[in-house]
Each structure stands twice: as structure tokens, then as C-alpha cells.
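Participant: Attaching a predicted model along with its sequence, questions to come.
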Amino acid sequence: MRLTILGGGGFRVPLVYGALLGDHAEGRVTEVTLHDTDPDRLRAVTGVLAEQATGVPDAPAVHATTDLDEALRGADFVFSAIRVGGLAGRAADERVALAEGVLGQETVGAGGIAYGLRTVPVAVDIARRVKRLAPDAWVINFTNPAGLVTEAMSRHLGDRVIGICDSPVGLGRRVARVLGADPGEAWIDYVGLNHLGWLRGLRVNGRDELPRLLADEKLLGSFEEGRLFGPDWLRSLGAIPNEYLHYYYFNRETVHAYQEAERTRGAFLLDQQAAFYSDPSYASWDRTRAEREATYMAHNREASGAGERDAADLEESGGYEKVALALMRAIARDERATLILNVRGRGALPSLDDDDAVVEIPCLVDANGAHPVSVAPLPGHATGLVSSVKAVEREVLEAAEGGSRATAVRAFALHPLVDSVTVARRLLEGYTAAHPGLAYLAR
Ligand code: G6P
Ligand code: MN
């Protein structure tokens, strides 16, 4: 089986390859093609993969190319993990927003919109090529903002593109752990949009265990989201939000903490990764990875007093390659699995009546793809947020398609975390000045 990884020179590719190396079963991936626009990054990552494969007799063969069409032709699965504009682009997304006094973050708020405006045209081009060159391939999209980018690609590939994120499964695992439940046995009632979802229940043997957690102050204080949001707010909500909802519920505090920080996350990673790519090896990759995980959401944790990450979280983090592999296996070998994925909702989430809207929802996966499971509606406040953010995503898709500045301003202005139309206009000015990739917004 042939797997193509777009963004193949990316820092997380060794995680995916490491997971492939552990798979010795029939029907496993035997060939990996890495595609990247940057030959130096490709070389660096190919070297790390070669070190990883030492001594593994059935290690998948690795090819690398900068030719996109060549990479796609004949692929069975395509992992799309690109970063348009690189980490310098991410740092600019964060900086421009913070300078306007609004959240500067990779996927949420103004930063996420800027990233989406840059990425959607590139993702659509990829989708068109996949359709032409590998029409039977399944595309697994990791590219952020994952929900929006998956929806853009689904307009060309239908249900053959599936978006993934590691945060819902990570949340489910943490909640199961504090409840003493086996995450593999529990039904995790989690739904929303990517980075905008809520865990509303965790059922073991048909019994919802979440009320037991919400009633127990000590248990609530013993895991990441409990400390991040605080027991009182979790009780008020009656659910455990995705960690990215901290940017909504504690927006002022986060914006302030991010403005005070010496560097944004993107700027930190830019330095960190430059050091790795200038002298790449497996050992330096592994060190860099550990530091990256340990400092994940550090500013947010500081702002909320949540402290260090749990040792168990650090051990288990990097879950996204596991989600990708579980998904690929379920499809390729018809090994049925239940996974929380980004797919067209088809009415499975009653709060969104548009069948084509991509939502993050539990899915049954088999050889025919990912089938969303019908879930209970979200409460009004969550439906409100999901609808607002979906409307913003639709403006981004329209702007990306038509190149209209007025539409792009609408995307910024309608976002719940952008508090003024004047600010929205200045954001668009700032982002078009910072990103050559936004020059298409000219109408
Ligand atoms: C989580 C999210 C990803 C995001 C990543 C950022 O894994 O689910 O969508 O890309 O965090 O981590 P970073 O180390 O790049 O800040
Ligand atoms: Mn994610």
C-alpha cells in the first residue's frame, strides 16, 4: 500500500513514520512518498526516517519528491499536513492580531482566519489534483485550520477527505483516566467543530460517568482541562470543553498573557525548528519534539494557573499519528473503529442543518469511509458559537474562491473574538501586508 505525505519535510513526519514502523500486519503501508516544496526540509526529514528504519527489516521504503503530481499519482492514501507560509507565516498570524488587541493564535479567531485564507486555495488545488491523479485515494487532512480546510477539500472530494485532530481523543483519554475508566471501552460523547467542541458525557456500560466527575472537586482539579477552566466553570457548563475553548471563555486573560509573552508560539517554534533543520538527526529531532510537547499551551496554562503538563499527558501526547493510522487501517482493512473525525455532518448534529457542513463528531469507520453517528443537539450557547464560527468559515471559503476583500473583512468582523468592524478592516490590511500569499484578495 502506498502512502503519500504532503508537507513531507514537516517536523511531525517522523511520528507518522514511527507509527508505520510498528505495523507488521498484512495490508500495511509498504511505500511512503514524501512531498514538500522545500528540498532541504525533505532531505532533513528523510535522514531522520532512515535512522528510524535502521534494523527494521520490513520498514516502508521512503521516496522524496518536490513534484506534487508525481507524489500523488497512484497513492492509496494521502496525508495532507502542509503549512502554507511556514512557521514565519504562523508567527505573523499571531503578531498582527495581537497588535490589534485580539487573539493571535494558529487556528482560533483572527489568526485562524488569516491562516485559512492562505491555506484554502492551496488545499483546493491539491484536492483537484487528487481527483485527477488518484481518484480512488483517501485523503486524511491534518492541515490546520483542519475543519475549514477539510470542508474546502470536501467540495471537490466529497467524503473521500476526512479531517483529523488529536485534541478530542486526548480530552476523552484524560477524562476517562481521572474516572478510572478504560478509554478503549468508553463511549465519548464529544461534538462540535474542530477546536470548538464539548465532551458532554462518557459512558461506560451504558452509564454516564461524567456527572461523577463534575460533582468531585478533587477529581476536577486533577487533570488539564479541570485546571485550565476551573471546577466552577465546568460545573456551570455541565460539560468539558476542548482546551481551545479557553480562548473564548477566558479571552481577555489569554490575549493579555500572549501580549505580555516574550515570543508567540509561532516565533518560538520558528527558532526551535530552525536549529533542528540546520543540523538534523534523530537525536536532535527527539529532543526538539520533547521540548515542543512540554511547552504546548504554556502561556495558556500560565494565564489560568494550571501549571505544568501531567507526565501521563506528555507520554501519551503526539496522538495525531495514532488517529491517522487507526483511520487508515479501518478503511484499508475494514477493521471497524469508532473515531472522532471531521466529516460532512449529514444532519448527524441536529444543531447544524446544512448536510455539507464539516463537523467534528464520532464516526463509525469501515472500508466505505467514515459515517457520522447521530448525536444529541448541543445546548443553545454552544449551538450559537458553532453557528457563528461556521458562518465565518463560509465567508473564508467564499473569499478564497472569489478574491473579494469585502468578503474577507466580513469573515474577520463576524468572528465572535473580533470586537469591531474597524479592527477587522485593519486586520485584513495587516495580514495582506505580511503575507504575499494573500495578494489574491484584490477585488
Ligand atoms: C494540537 C492541535 C493541533 C495543533 C497543535 C499545535 O495537537 O490539535 O491542531 O497544530 O496542537 O501544537 P504546536 O506545538 O504546533 O503549538
Ligand atoms: Mn488540532
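Facilitator: Nice, I can see it. Residues are numbered from 1 along each chain as shown. Ligands and ions are numbered 1, 2, ... in the order given.
Participant: and the stretch 301-443 of the chain, which of its residues are near ligand 1?
Facilitator: Contact residues (C-beta under 6 Å from any ligand atom) of the stretch 301-443 of the chain with ligand 1: residue 320. (Each C-beta comes from the backbone N, C-alpha and C, glycine too.)
Participant: Relative to ligand 1, which residue of the stretch 301-443 of the chain is the closest?
Facilitator: Closest to ligand 1 within the stretch 301-443 of the chain is residue 320: 6.0 Å, counting by C-beta to the nearest ligand atom.
Participant: and the spatially closest residue to that residue that is not a sequence neighbour, how many neighbours does it have?
Facilitator: Among residues not flanking residue 320 along the chain, residue 166 sits closest, at 3.7 Å (C-beta to C-beta, 6 or more residues apart in numbering). Residue 166 is flanked by 19 other residues according to other C-beta atoms under 10 Å.
Participant: What pLDDT does the model give residue 166?
Facilitator: Here the pLDDT value assigned to residue 166 is 95.
Participant: Provide the secondary structure category for residue 132.
Facilitator: Under DSSP: H, G, I helix; E, B strand; the rest coil, the three-state class of residue 132 is helix.
Participant: gap between it and residue 82?
Facilitator: The gap separating residue 132 from residue 82 is 18 Å, by C-beta to C-beta, to the nearest Å.
Participant: out of the two, which sits in the busier spot?
Facilitator: residue 82 (25 against 11).
Participant: and that one, what does it touch?
Facilitator: 6-7, 10, 119, 122-123, 126, 143 (C-beta atoms under 8 Å, 6 or more residues apart in numbering).
Participant: Narrow those to those in strands?
Facilitator: Those of the contacts of residue 82 mapping onto strands are residue 6, per DSSP state E.
Participant: In CSV: the contacts of residue 82, plus neighbour count, pLDDT and distance to residue 90.
Facilitator: Shown next, in CSV, are the contacts of residue 82 (neighbours: other C-beta atoms under 10 Å; pLDDT from 0 to 100; distance: C-beta to C-beta, whole Å):
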residue, neighbour count, pLDDT, distance to residue 90
6, 27, 98, 17
7, 23, 98, 13
10, 23, 98, 13
119, 24, 98, 11
122, 20, 98, 15
123, 27, 98, 16
126, 26, 98, 19
143, 25, 98, 12
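Participant: Return the closest of the contacts of residue 82 with respect to residue 388.
Facilitator: Nearest to residue 388 among the contacts of residue 82: residue 119, at 20.7 Å, using C-beta to C-beta.
Participant: any idea how far residue 240 is from the nearest residue to the closest one once chain neighbours are set aside?
Facilitator: Distances taken as C-beta to C-beta, 6+ apart place residue 84 nearest to residue 119, at 4.6 Å, with adjacent residues excluded. Using C-beta to C-beta, residue 84 is found at 32 Å from residue 240.
Participant: More neighbours: which of these two?
Facilitator: Comparing residue 84 with residue 240 by other C-beta under 10 Å, the one with more neighbours is residue 240, at 29 against 21.
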